[in-house]
Each structure stands twice: as structure tokens, then as C-alpha cells.
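**Q** only geometry, no sequence info:
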């Protein structure tokens, strides 16, 4: 079976290389037959990669320990679902998943756009082919998941923290996002190579960017919830370099999704959009490099390996390629119009772009600085939470405010008088929310107070926009159907507000207390009394499990079990206890820190509104799907334009 | 052995798929728009952009984002831009 996997990958590499070379020749020589042949090679490359993926999946499910990868990442006692999730639990398997998604996207793109965008697709094929060839080469020559060994009796098993339902969904979701950003990059490069920098590449790219952005965003929320329930340190985002690696391309793609609207309406920011698409792609590959090279120490990264230099070379090469292309086509990318007023919708989009890119580059510097310091100064340094939190407030709060102003300000130019009139209800809502919070005694955290006031402002904006739009069109459904992208975007804005409220509530207004308790003793945290009742021990097939049972009384009532698992394989994991009060969206989070005879050191965190973060994930998904939904009118418009142009 | 046979089979299917466009002997013209078609496409895009901007302005006015004074100041240039785009397209069509 391993031979079949290896053979399928070699075929896949050959096909991807052919798609890259024949595709380039077809585009330059304008040969349809060669272009169709290259396109078929890309589609067949997906088929061949799928065969390799099936071989690995079967080996994992059957516990075939003659595969070194299966022996290193699974064991006989692992359930089928977790055995299958080991596909992306290791370096080689996750690379194969990357190639599978990449060739799958490539095949789908060429099949869906083969007629309407033939002059762009003819260049998209060699670009996706070349990128696929790189990943296929790494899988064939550097990190093969099909290395064999003398079959072992049992495998090393999957890391305990990865045996969690979130780990079944979170990595594939992130991969759909990371890899999906290749498609807008390929279209942008195709537009530059072919010189067809009209609106079509933007229209073709938008949905692919939106879907990649949706997967990346939702994948990060899933990952945050995994960290919250499984890692056991009491938080959901640690500004870990690998977490940041997913955040950076998402921020760049968010900027692109906004700035592309200015290009569509005004023909402006054409160079900027190319830069953003390239940046999002480069950051996704750079994230891959960070995770796989071992240059950073993270619970999310793979072990130190020689693969890093290949990825670094690939990042440098593709960045140079993008730079040269953009510089070469600068004359074609000149803006057709100018910004008419700093007080306009396009101006707010521009400010939003600057803030998003500034935040993205700040995070990038936070990731790069320790690596560069270690490399060039031989001084290991770390950049911690205060750095990121500071810049999140500096750039994030104005972004939140702009999210409220943007939808209510007119395109082209607005007068200050007209704008104030339009914004009077949102301003009132923000002031009322701020005053109510101060009156309720929640004025202790200034960033929290500002975040809540701005959140009220944005929510009021969305309500005002929906009410006015419904009045103008006569029906809410008609209003949304008329511009799904805009109203899907507003739902996403609502999700960001929920996220901001959840983050501000759980961090700025959260309470933490640590105390050593003997059975029968209590501690009080934010009005909740936590009483340590007893200790339970159980030996399962996998581990010795210790659980402290705690009773919750006072403002909330319930029982919490928190403890630690010592796995026979050698690992141990903290099993936190969480009690959720759904009415307040609040969690009481208990960490079993250390045991000292009969006494236990507990860390108790009360996290108000934290559950709004997870709710935000689903609202984000709903809004993205509304915005993504195919619009037949858009397709018809492109077809009609082309038909008219051809007379 | 079976695995290698299946591998060879995959390679054979791939070769057939890649060769198919040559075997079918279809037209070799890529069918990309000519320079003249590209020019017309740009004019059509310009026209659509101007008309969309007018539509957007009307909607912003109806929903109260733009007051009457701002609307009057903005609508004229947009109508002129739309008219110019239509004229440029018509002129191109007349030449043919």
C-alpha cells in the first residue's frame, strides 16, 4: 500500500509540473489544446493526490504500523475518529492534506471558470500547478508520509491534547483557509501576467477570498475554544507565533475584502489590492514555514526538521515573483480616479485598511523579532502579551469605531452636517451604553468601557441601516437579496462586536484567584463560593485520572470536576472544570494546579461574557455564508459584458 | 505488486486525460478577447460603474445617508460620467 501512496504522489508531482510548464507555454503561445491539456493535468493531479490521501487514511484506520507515520502518531487503543485525525497531527500527513486541498481548489477553480475567464484561467493553471509541484516535491523527496519500517506491535499514540473533537475540525478548517488564499493570489498573478487587469479578476477572486477568509476565521475560533477547554491555562488566545500565523493572513484578507470594493466602484487602489492579495498568500506560506520549520517553540508546531529551509526558499521566491510582477505592470495599475473627500465611504475603507495592515505588520514584527534576535544577536528574546494587547487596543478600537461609521457614510463625499445627522442614534447608543456601564460600576477598565461603547455604536449603526433600508425597499428580505454581500458583511460586523464584547468582558472584567484548599474549605471569587468537596481517582485504559469535586454556590449553583490525567504513555494533561451560566454568558473556570497531600492548589477564574466569543464564531459563519451565496446577476453581467464586447 | 499495478493504472489514466485535447483535435484558438474587444470591455465596465454609482447615490439619498443638498451636488457629475461612457460606447459601435 505504501508503494501505491508513493507512486500516486510521484504521478501528482509529474502532473503538477506538467501543468506549470505546459500551462505557461500555452499562455505564451495562445494554444488552446495545450492549455486544455495543462488544465486536465491539474485536475488529474487532484485525483492522484486523492489516491495518496486514501492510502494514508486507510493505513491510519487499520493501524498499519508498517507505515512509520502511522506508528509515530497513532496507537491501537485510539478510536477510529482520532486515528483518522492523526492525518493532520504530524508533519508529513498535514503536508499531504495541504496538497490535497490545494489541488482540489485548483481543479474546482478551472472547472467553474473555464469558459467565462479563459484568458485568466490559462495563467491560473500554471501558477497553481507550480505551487502544487512545490508541495508535491516536498512530499516525495523531503517528508514522505509513506516511509515504511518493520511493523511495530503498537504505535507511539496521538498527543493527549490532540484527542479532542475540536482537533478533528480545527486543522482542516484552517487548511481550507490557508490554502484557499492561493486562489486569489493565482488570479492576481494571472491578471498581471496576461495584462488583463480589468474587473474580472476581482469578481473571480472575491468569493474564493471570502471562503478562504471564512474558513480561516472560523478555524481560529474553533482553535481558541480548543485552547480554552483543553490546554488548561485559563485563556483562549496566547499570542503564540503559530496562532499569530493564522491571524496575519486573515487580517490581510480582511483588508483586501474591503479595499476591493473601492476598486470595483472607483477603479482606485489597484496596486494596493495586488499587494494585499500577495501579502495574504505570502503570510499563509510563512505561517506554514513557522509551523513546520521548528524555528519557534509552540505547542502547535511540529518538531525541528530540515523542511524549513525549503519553505523559506519558497516564501522568498514567491515574494520576489509577486514584487517583480507588480513592478512590471505598474503602468496598467494606475488609478482611474482620486479620493474625492476624506469624509466618504471609500476614505473610511482606506483608514480601515491602514489600521488592519498596521495591526498585521505589528503582529508580524512580534513573531519575527525573537527569531531575528536569536539568529543575528544570539540573544533569545520573547515578546509577550503586553506588546500585543497594547497594539490590539491602539489599532483595534479605532477599527471598531470605523466599522460603525463606514456603513452610514455615503460614497464619494459626505458633509459633516449630514454625517452627524445620520450618526445621531448610534452616538446616542454609545453614550448611553458608556453611562450605563459607569453607573453599574464597570468603569474600572478604560479599554473595556471604550470597547463596549464602540460596540453599542456599531450595533446601533447596523440596526439604523437595516431599518432605513427596509423602509426604502419595503421588505427586509428584499433588502438583503438586493445586496447580499453588504448585508452579509453587516452580520459579520455583528459577530465582531460579539467578539469584542466577549474579549473585553472576559479579560478586562474577569477575576482570578488562587488558593490552597483542604476538603471542606471554600474560596470566594467574584461573588461565587467554590467549595472543595472531595478527590476522586480512576484508572482507565489510557491513564490515571484524578478529579477534584467542587461545589459552586452564591451567585451561581452547580458542581465542577477539575483534575489531571497521567497517561501511561508518559504525557499528562490538565482537565479543567468549567461551569457555564448561560444567562450571563459567564464561565467559572477551575484549574487543578498542584496537589499537596490532601490539599490542592486551585486557580479559579470567573470570565464574564466569554461565551459570546463562541457565539460570535457562528454569527461570523452565518454572515460569511450570506455574503458568499452565489449571485446569478453578477455572472450574467460578466457574460453580457463579454458578449457585448465581442459584438 | 497490486499496488504498483494500481499506480501504473493511475499514471495511464493521467496520460490519457492530458493527451485528450490533442487526440480530439479540437480548434487550437484560445479565444481570448482581441485588443479591440478589450477596449470595448473597458468602456462597458466604465458605463456599468457609472450607472452603479448613480443607483447607489439614489439609494443613499432614499435611506437618508445623503441630504438633498449633497445629492444635488453629486448627481450632476455622475449623470455626465454615465452619459460620456454611453456616448463612447455608441461612437465605437457607429465606427464599425
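**A** Here it is on my side, so go on. Please read these numbers as outputs of a predicted model, since none were measured by experiment.

**Q** excluding its backbone neighbours, what's nearest whichever residue of chain B sits closest to chain A?
**A** Per Cβ to the nearest Cβ, residue B:7 is where chain B lies closest to chain A, at 3.0 Å. In this view, the C-beta of every residue, glycine as well, is placed from N, C-alpha and C. The shortest distance from residue B:7 to any non-neighbouring residue, by Cβ to Cβ, 6 or more residues apart in numbering or on different chains, is to residue A:7 (3.0 Å).

**Q** could you measure the one you found against residue A:57, distance?
**A** 17 Å (Cβ to Cβ, to the nearest Å).

**Q** Same question for residue A:134, what's its three-state structure.
**A** Here residue A:134 is helix, with the state taken from DSSP: H, G, I helix; E, B strand; the rest coil.

**Q** Average pLDDT for stretch A:451-460, rounded please.
**A** For stretch A:451-460, mean pLDDT is 94.

**Q** For residue A:427, which non-adjacent residue is spatially closest?
**A** Leaving aside its sequence neighbours, residue A:427 sits nearest to residue A:457 (Cβ to Cβ, 6+ apart; 7.0 Å).

**Q** who are the neighbours in contact with that neighbour?
**A** By Cβ atoms under 8 Å, 6 or more residues apart in numbering or on different chains, residue A:457 lies in contact with A:401, A:404, A:426, A:427, A:429, A:430.

**Q** And residue A:7, by the same measure?
**A** So residue A:7 contacts B:3, B:4, B:6, B:7, B:8, B:10, B:11 (Cβ under 8 Å, 6+ apart).

**Q** can you tell me the helix or strand for residue A:59?
**A** Using DSSP states H and E, residue A:59 falls within helix A:32-61.

**Q** what comes up buried for that helix?
**A** Buried residues in helix A:32-61, counting neighbours by 16 or more other Cβ atoms under 10 Å in any protein chain shown, are found at A:32-53, A:55-57, A:59-61.

**Q** Does stretch A:483-490 reach chain B?
**A** No: judged by Cβ under 8 Å from any Cβ of the partner chain, stretch A:483-490 stays clear of chain B, getting no closer than 9.1 Å.

**Q** so where does the residue nearest to residue A:427 fall, helix or strand?
**A** With DSSP H and E as criterion, residue A:457 is part of helix A:446-473.

**Q** One more: residue A:564?
**A** Assessed by DSSP H and E, residue A:564 sits inside strand A:558-567.

**Q** who does that strand pair up with?
**A** strand A:543-554 (antiparallel), strand A:572-575 (antiparallel) (DSSP bridges).

**Q** can those go into CSV with extra columns for mean pLDDT and mean neighbour count?
**A** As requested, the strands paired with strand A:558-567 are exported to CSV (pLDDT from 0 to 100; neighbours: other Cβ atoms under 10 Å in any protein chain shown):
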stretch, mean pLDDT, mean neighbour count
strand A:543-554, 90, 18
strand A:572-575, 85, 17
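
**Q** I'd like those strands laid out as CSV, including distance to residue A:282.
**A** Listed next are these as CSV, based on distance: least, Cβ to Cβ, whole Å:
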stretch, distance to residue A:282
strand A:543-554, 42
strand A:572-575, 35
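
**Q** looking at the ones you listed, which is closest to residue A:340?
**A** strand A:572-575 (57.1 Å; Cβ to Cβ).

**Q** which residues make contact with the closest one from outside it?
**A** Strand A:572-575 is contacted by residues A:160-161, A:230-232, A:545, A:547, A:561-567, A:591-592 when judged by Cβ under 8 Å, 6+ apart.

**Q** what's the helix or strand bottoming out on mean pLDDT in chain B packed up against?
**A** One helix or strand of chain B scores below all others by mean pLDDT, DSSP states H and E: helix B:68-95, with a mean of 82. Helix B:68-95 sits against helix B:35-62, with contacts defined as 3 or more Cβ pairs under 8 Å, 6 or more residues apart in numbering or on different chains; DSSP states H and E.

**Q** Okay, buried residues for the helix it packs on please.
**A** B:38, B:40-41, B:43-50, B:53-54, B:56-57, B:59-61.

**Q** ok so, going back, average model confidence for the strand or helix carrying the residue nearest to residue B:7?
**A** According to DSSP H and E, residue A:7 maps onto helix A:2-29. What helix A:2-29 shows for mean pLDDT is 93.

**Q** Compute the inter-axis angle for it and helix A:32-61.
**A** Going by axes from the mean of the first three to the mean of the last three Cα atoms, to 10 degrees, helix A:2-29 is angled at 160 degrees with respect to helix A:32-61.

**Q** OK, contacts around the residue of chain B closest to chain A?
**A** Residue B:7 neighbours (Cβ under 8 Å, 6+ apart): A:3, A:4, A:7, A:8, A:11.

**Q** got a list of what the nearest residue to residue A:426 once chain neighbours are set aside touches?
**A** Ranked by Cβ to Cβ, 6+ apart and with sequence neighbours excluded, the top spatial neighbour of residue A:426 is residue A:460, at 3.9 Å. Taking Cβ under 8 Å, 6+ apart as the criterion, residue A:460 is in contact with A:404, A:425, A:426, A:428, A:429, A:430.

**Q** Would you agree the last one is in contact with residue A:459?
**A** If I follow you right, that is residue A:430. No: using Cβ atoms under 8 Å, residue A:430 makes no contact with residue A:459, being 9.5 Å away.

**Q** So which of these two has more stuff around it?
**A** The residue with more neighbours, out of residue A:430 and residue A:459, is residue A:430; 24 against 20, by other Cβ atoms under 10 Å in any protein chain shown.

**Q** what about the more buried one, which helix or strand?
**A** Using DSSP H and E, residue A:430 sits in helix A:424-439.

**Q** shaky segments in chain A?
**A** Applying pLDDT under 70 to chain A flags the ranges A:116, A:294, A:296-305, A:647.

**Q** tell me the contacts of the residue in the stretch 201-350 of chain A that chain B sits nearest to?
**A** When distances are taken as Cβ to the nearest Cβ, the stretch 201-350 of chain A reaches nearest to chain B at residue A:265, 6.5 Å away. Applying Cβ under 8 Å, 6+ apart, we find residue A:265 in contact with A:346, A:411, B:49, B:52, B:53, B:56.

**Q** if you set the cut-off to 10 Å instead, what comes out?
**A** Taking Cβ atoms under 10 Å, 6 or more residues apart in numbering or on different chains as the criterion, residue A:265 is in contact with A:337, A:345, A:346, A:349, A:411, A:412, B:49, B:52, B:53, B:56.
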